[in-house]
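Chemist: no letters, just coordinates:
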């Protein structure tokens, strides 16, 4: 079993930057594909970004391309989301997700990970 804990959410002004972190506790001898989703008030949870176990493959939602970078710590079950030029539309609860396996980035991006975090609030003021 893997437990994911997000941190780094905050209130920021439009145009600002933020770095979210997600740390997982669980077996570190397995391969995890990891990603981020977000859910704005009154909306469904949506995919933001994902990174393969090797770190070679990444995927981004069109709405955040060019403003968001996902990265991971190879030694741990840890993933980061660096966000720049934040917009009020980025306001949401951001969730970390993990999927077992090294070739499952598409499954994770579809919203079918094996594990979810509890979320961290990001609020962007105009």
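Modeler: Okay, I see it. Given the structure is predicted, the values throughout are model-derived calculations rather than measurements.
Chemist: am I right that residue 69 is in a helix?
Modeler: No - membership of residue 69 in a helix is not supported by DSSP: H, G, I helix; E, B strand; the rest coil, which gives strand.
Chemist: how close does it get to residue 49?
Modeler: Counting by C-beta to C-beta, to the nearest Å, the separation of residue 69 from residue 49 is 8 Å. Quick note: C-beta positions are derived from backbone N, CA and C, even for glycine.
Chemist: and these two? Which one has more around it.
Modeler: More crowded of residue 69 and residue 49, by other C-beta atoms under 10 Å: residue 49, with 24 against 16.
Chemist: just list the residues touching that one, thanks.
Modeler: 35-36, 58-61, 64, 68, 70, 81 (C-beta atoms under 8 Å, 6 or more residues apart in numbering).
Chemist: 10 Å instead, please
Modeler: Contacts here follow C-beta atoms under 10 Å, 6 or more residues apart in numbering; on that basis residue 49 touches 34-38, 58-61, 64-65, 68-71, 79, 81-83, 109.
Chemist: of those, buried ones?
Modeler: Burial by neighbour count, 16 or more other C-beta atoms under 10 Å: within the contacts of residue 49 this picks out 34-38, 58-61, 64, 68-70, 79, 81, 83, 109.
Chemist: quick one on the thing from earlier: pull up the overlap in contacts between residue 69 and residue 49.
Modeler: Counting by C-beta under 10 Å, 6+ apart, the common neighbours of residue 69 and residue 49 are 58, 60, 81-83.
Chemist: pick the one among these closest to residue 13.
Modeler: Distance to residue 13, by C-beta to C-beta, is smallest for residue 83 among the shared contacts of residue 69 and residue 49, at 13.0 Å.
Chemist: which parts of this structure are helices?
Modeler: Counting by DSSP state H, the chain has these helices, from start to end: 105-109.
Chemist: which parts of it are strands?
Modeler: For the chain, the strands defined by DSSP state E occupy 3-7, 11-13, 18-25, 32-39, 46-51, 58-60, 68-73, 78-83, 92-100, 115-116, 120-125.
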